[in-house]
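>>> coordinates for the following, if possible.
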Amino acid sequence: MQKAFFFVGFLLCGTVAVAQPAFDTMTGVYLQPVIIRNNLNYKTILAQIKADTTFYKSFKNLRILGYDAYNSITMKDKKERITATYQSKTTQERRGDCRTTKVLEQQTTGDFFDANNNYNYTTAKLYASLFFAKGEQCGEDNIVKHSQITTQNKEGLDKNREQLKMLFFTPGQKIPGIPFIGNKLDLYDDNAHKNYDYTLDYADYNGVYAYKFSIIPKQGKETNNDVVVDEMTTWFSATNMQVLARTYSLSYSAGVYSFNVRMEVEMTQFKQLWVPKVLRYKGRWNVVFKGRENGEFTATLFNFK
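So this is what the prediction gives:
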C-alpha cells in the first residue's frame, strides 16, 4: 500500500510542475512532466531503449526451457468469414540440450491442413516455426551477444521467418529483402524523426514501475508513403530496463503487396529468466502471385520448467 501511495505521489508531483510534455531538441523526444520533474536521466534511458536486446533475449529463453502452451489460429477470407481454425495444447520438453514439441490436444476446422497434413496457410507455417520444435532440435542456447538475425543466404519460408523475427524482436530496425519499405522501418534515423513523434513517460505497468516509450506518426503524416509504423509502445522496467510488454501496429500498400498487422506481447519472469507469456497477432496481407491471407493467432505460454 505504501508503495502505491508513493507512486501516485510521484506522478502527481510531476504533473503539478509541468502541465504539458516538453520537447527535447537534442533527442527529438517529447518528455512527459513526470520525467522532467524528477530529473530522470532520460538520455541514458533513451540510449538503452535504442540498444535493447531484452525483448529478443526473452524469446531466446524459450529455447532452453520446457513449457506448456495454448495455441489458437483463425484464418478468414477478405469478408472476415472464418475459413479455418486451429486450437491445440502443446508441451515443449527439454532434455539435455535438446527440445521437442508434443501435441497434447488438437482440433481443426476448414482447410487448415492439406491432404498430407501440411499447413495450407503461410501464417500457420510461420507460427509453427516460431513456437513448435520440428522433430528434435539440439544445440540451441539463449545467448544474444553475437547472435544475429539475418536473411543472408536464406530463401522462401526461411527468409520470411527471419524477416518476421526481425519484425517481432527488433521493431524499429531496418529489414532487408522487403521491397520498398525495408529502410522505412528504421525508426531511429534522421528521416524517421520527420515523420514520427516519440514520447517518454513513467507509468505503472501491472504494479511495476516502468518507462513507457511510444512512437506514433506526426499529425498529418499518417498517410505519408514513408510511414509504415502506425503505433509502437513499449514498457521497460524502471529497475533493469527489461521489456515488460510491447504493442505495435504496421500497415503499408505498395501495389504489388500490402499489409495491415497488429501485435501484442506480454512478458513474465520465471526464476531469473524473462519469457513471453502471451503473444497476439492480427493481420492481413496480400502479395502478388502468392495470394491474400487474413488471420490472427494467440500464443499463451505457461508452466515453465
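>>> how about low-confidence regions in the stretch 151-300 of the chain?
Where the stretch 151-300 of the chain drops to pLDDT under 70, the residues are 151-152, 157, 160-161, 164, 167-168, 171-172, 176-182, 288-290.
>>> ranges for the helices of it?
Taking DSSP state H, counting those that start in this stretch as the test, the helices found in the stretch 151-300 of the chain are 156-169, 190-193.
>>> can you map out the strands along the stretch 51-200 of the chain?
Assigned by DSSP state E, counting those that start in this stretch, the strands in the stretch 51-200 of the chain fall at 67-76, 82-95, 98-110, 137-138, 196-205.
>>> what is the third one packed up against?
Using 3 or more CB pairs under 8 Å, 6 or more residues apart in numbering; DSSP states H and E as the contact criterion, the neighbours of strand 98-110 among helices and strands are strand 82-95, strand 137-138. Just so you know, the C-beta spots here come from the backbone N, C-alpha and C atoms, and that holds for glycine as well.
>>> out of the strands of the stretch 51-200 of the chain, which is closest to Thr300?
For the strands of the stretch 51-200 of the chain, the distance to Thr300 is smallest for strand 67-76, at 4.3 Å, taking CB to CB.
>>> what residues sit buried inside the closest one?
Buried residues in strand 67-76, counted by 16 or more other CB atoms under 10 Å: Tyr67, Asp68, Ala69, Asn71, Ile73, Thr74, Met75, Lys76.
>>> so Glu231 makes contact with Ile216?
Yes. Counting by CB atoms under 8 Å, a contact exists between Glu231 and Ile216, whose distance comes to 5.2 Å.
>>> which one's more surrounded, the two?
Taking neighbours as other CB atoms under 10 Å, Glu231 and Ile216 compare with Ile216 leading, 18 against 14.
>>> measure that one to Thr27 for me?
16 Å (CB to CB, to the nearest Å).
>>> what does Thr247 give?
Per CB to CB, Thr247 is found 22 Å from Thr27.
>>> who touches Ala245 in this structure?
Tyr205, Thr234, Trp235, Glu264, Val265, Glu266, Met267 (CB atoms under 8 Å, 6 or more residues apart in numbering).
>>> so can I have JSON lines of those showing distance to Glu105 and neighbour count?
What follows is these, written out as JSON lines (distance: CB to CB, whole Å; neighbours: other CB atoms under 10 Å):
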{"residue": "Tyr205", "distance to Glu105": "32", "neighbour count": "16"}
{"residue": "Thr234", "distance to Glu105": "34", "neighbour count": "22"}
{"residue": "Trp235", "distance to Glu105": "33", "neighbour count": "24"}
{"residue": "Glu264", "distance to Glu105": "24", "neighbour count": "16"}
{"residue": "Val265", "distance to Glu105": "24", "neighbour count": "23"}
{"residue": "Glu266", "distance to Glu105": "23", "neighbour count": "18"}
{"residue": "Met267", "distance to Glu105": "26", "neighbour count": "21"}
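>>> tabulate those residues (JSON lines), appending distance to Ala51.
As requested, the contacts of Ala245 are exported to JSON lines (distance: CB to CB, whole Å):
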{"residue": "Tyr205", "distance to Ala51": "21"}
{"residue": "Thr234", "distance to Ala51": "13"}
{"residue": "Trp235", "distance to Ala51": "17"}
{"residue": "Glu264", "distance to Ala51": "23"}
{"residue": "Val265", "distance to Ala51": "19"}
{"residue": "Glu266", "distance to Ala51": "22"}
{"residue": "Met267", "distance to Ala51": "18"}
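>>> which one of those is nearest to Val275?
Distances from Val275 to these, taken as CB to CB, are shortest for Met267 (6.8 Å).
>>> what bridges to that closest one?
The partner list for Met267 in beta bridges (DSSP bridges) reads Pro276.
>>> isn't it up against Val275?
Yes. Met267 lies in contact with Val275 (CB under 8 Å); the separation is 6.8 Å.
>>> quick check: neighbours shared by the two?
With CB under 8 Å, 6+ apart as the test, Met267 and Val275 both reach Ser58.
>>> so what's Glu264 up against?
Neighbours of Glu264 in contact, by CB under 8 Å, 6+ apart: Ala245, Arg246, Thr247, Val278, Leu279, Arg280.
>>> what's the span of stretch 262-281, first residue to last?
Stretch 262-281 has an end-to-end distance of 6 Å (CA to CA, to the nearest Å).
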